[in-house]
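Novice: Below is the sequence, then the predicted model.
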Number of protein chains: 2
Amino acid sequence: MLDAVDDLTPEKPADARRAADLIVAELAAMIGSGALADGSYLPAERELMAQFGISRTVAREAVAQLAGRGLVEARPRFRPVVRRPGYDTALSALGGVVTHLMRESGSVKHLYDIRVFLEAALVRHAALHARKDDIAALRRALEANEVAIGDSTQFYLTDMAFHAVLYDLPRNPVMPAIHRAFTSWLSPHWQRMPRAPERNRINFLSHREIYTAIVERDPDMAERALNGHLAAAWEYVRGTFEAD
Amino acid sequence: MLDAVDDLTPEKPADARRAADLIVAELAAMIGSGALADGSYLPAERELMAQFGISRTVAREAVAQLAGRGLVEARPRFRPVVRRPGYDTALSALGGVVTHLMRESGSVKHLYDIRVFLEAALVRHAALHARKDDIAALRRALEANEVAIGDSTQFYLTDMAFHAVLYDLPRNPVMPAIHRAFTSWLSPHWQRMPRAPERNRINFLSHREIYTAIVERDPDMAERALNGHLAAAWEYVRGTFEAD
DNA sequence: TCATCAAGTATGGTCAGACCAAATATGTTT
DNA sequence: AAACATATTTGGTCTGACCATACTTGATGA
């Protein structure tokens, strides 16, 4: 991290030409313009060879790059399928790196804190701007959460669903994608957390507290409830990876 | 976007074996454990061949994958260099996809709204938790911003720097990375925005307003000021890409 | 008629060996 | 000791081949 420049748009060496890059650009443009429709097959490698006058090597590398960018879904022995990227596929690009990042001591906490920070803002936003149907959705999620107290697996799902409603509230499609990314990154750690109905009950009560604060249009109380909720959850799971 | 499941941990087909994947996992582990030190050269392709008993093809694909994940920096004709990933390299993985995403109408706005949402929470946090040295840093950034009003290029930089301080405040290394990611994604649009000293002055005043609110420990006012600031900025640049 | 199953083909995955151009190392000359 | 010429290393690309599996086609049989 000494001189980690890492400009986020890797276009520094003005030339940096590699045969595959041109093909990638071309195909990417086709995907963007719809010339290659979402869900359709990418031309076979041997077709690309003929079509662009390149070798198989280059064709393969181009496909691999597109797959890396999420513009194409290339399962091992199947024909690559064109995938117009959504916010989820974008976040999923992080997956690999994040997994490695989280080996680093403290990084899980950093990520978790970001989540708390975001969600605090979300409950605040909810308390101020939630509409009737939003609150209804929240209430439904809360009720589902309550009946699942006895079943820890089910409780985990309804727990996530409750929080998901908060991410849906701003009606910005990026938010739910962020939520899915967070949960998929952090869930491995959560899985290891011992579960018990009494613990579930505590969490449910926290959820209800948050819900109440939102209904009463009290952002400060909502934020406080959420912070307490997530701080407690953290204390409960920190042990599972602090031994690392 | 119809059935974009896209689970964020691409490990669904229990088999999905590809020779390169094993090598990638192996090398990734070595990088994680420090066996391959940050900044050192990755073994040459021909060495990997011998070391793992694989063909050049597989060796190359493995390196390409590592490069895609940001664990290795592979400039065109140079030896790949090991890069222990930081939060920046993680976010940079998004770069390619986000670029494509932003062709989609409305996605720039969505991304911008996320930024506004986050920054609103940040100024709020600043107003509540900023320490003396934080405020000093903020003041320095503000002053630098003021003297740059006449120079639009310089103003742009000091503008970013001012906002950057807000991201530094929570002392969570993920925050600055997010800021850099945002600016690198949105800057292409901002570059097209016409600049003028009078406009700079308005923005500076907004910054001062935010600063004042933080100094006075008034989160609501800080949030309001920031929302106004960024909303105005949006109105000013929306024209540059709404024609698309 | 239509479902089933067996070739046959298309396609991605891997291998081998070769050549090139650029980057790096080596050694020689000044 | 610095500058230059040469040799070696190394990544980029090409060719051509073989395999295993996904897909297609068509024959078979209920």
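Specialist: Alright, I've got the coordinates.
Novice: what's the domain layout of chain A?
Specialist: For chain A, the structural domains run A:19-82, A:90-242, going by automatic domain parsing.
Novice: pLDDT on the helix or strand where A:H110 lies, on average?
Specialist: For A:H110, the host element (DSSP states H and E) is helix A:107-129. Averaged over helix A:107-129, pLDDT sits at 97.
Novice: and the angle from the helix or strand just after that helix to helix A:107-129?
Specialist: Next along the chain after helix A:107-129, taking DSSP H and E as the criterion, comes helix A:132-147. Orientation of helix A:132-147 against helix A:107-129 (axes from the mean of the first three to the mean of the last three C-alpha atoms, to 10 degrees) gives an angle of 130 degrees.
Novice: still on that earlier bit, need the domains of chain A in TSV with mean neighbour count, can you?
Specialist: For glycine as for every other residue, the C-beta is placed from the backbone atoms N, C-alpha and C. Formatted as TSV, these follow (neighbours: other C-beta atoms under 10 Å in any protein chain shown):
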stretch	mean neighbour count
domain A:19-82	17
domain A:90-242	18
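Novice: In CSV, list those domains along with distance to chain B.
Specialist: Shown next, in CSV, are the domains of chain A (distance: least, C-beta to the nearest C-beta, whole Å):
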stretch, distance to chain B
domain A:19-82, 4
domain A:90-242, 4
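Novice: quick one, which of those is nearest to B:R103?
Specialist: Closest approach to B:R103 among those (C-beta to C-beta): domain A:19-82, 5.4 Å.
Novice: And the helices in chain A?
Specialist: Assigned by DSSP state H, chain A shows helices spanning A:19-33, A:45-52, A:56-69, A:87-101, A:107-129, A:132-147, A:152-168, A:174-191, A:197-215, A:219-237, A:239-242.
Novice: Out of those, flag the one nearest B:E143.
Specialist: helix A:107-129 (28.0 Å).
Novice: now for the closest one, which elements pack on it?
Specialist: On a contact count with 3 or more C-beta pairs under 8 Å, 6 or more residues apart in numbering or on different chains; DSSP states H and E, helix A:107-129 meets helix A:152-168, helix A:174-191, helix A:197-215, helix A:219-237, helix B:107-129, helix B:174-191.
Novice: Any idea which of the helices of chain A gets closest to B:R18?
Specialist: Across those, B:R18 has its closest neighbour in helix A:56-69 (10.5 Å, C-beta to C-beta).
Novice: what residues does that closest one touch?
Specialist: A:18-21, A:23-24, A:27-28, A:42, A:45-46, A:48-49, A:52, A:72-74, A:80, A:85, A:93, B:57, B:60-61, B:64-65, B:68, B:96-97, B:100 (C-beta atoms under 8 Å, 6 or more residues apart in numbering or on different chains).
Novice: So which residues on chain A come close to DNA strand C?
Specialist: With C-beta under 7 Å from any atom of the strand as the criterion, chain A comes near DNA strand C at residues A:42, A:44-47, A:56, A:60, A:74, A:76-80.
Novice: so which of those also contact DNA strand D?
Specialist: Okay, of these touching DNA strand D (C-beta under 7 Å from any atom of the strand), that's A:56, A:77-79.
Novice: tell me the two of these that are most distant?
Specialist: By the measure C-beta to C-beta, A:R56 and A:F78 form the most distant pair in those, at 17.6 Å.
Novice: my guess is A:E223 meets A:L118, correct?
Specialist: No: using C-beta atoms under 8 Å, A:E223 is not in contact with A:L118, being 11.8 Å away.
Novice: Off-centre distance for stretch A:112-128?
Specialist: Remark: stretch A:112-128 is offset 16 Å from the chain centroid, using C-alpha atoms, centre = their mean, to the nearest Å.
Novice: Where does the prediction get shaky in chain A?
Specialist: A:1-16, A:241-244 (pLDDT under 70).
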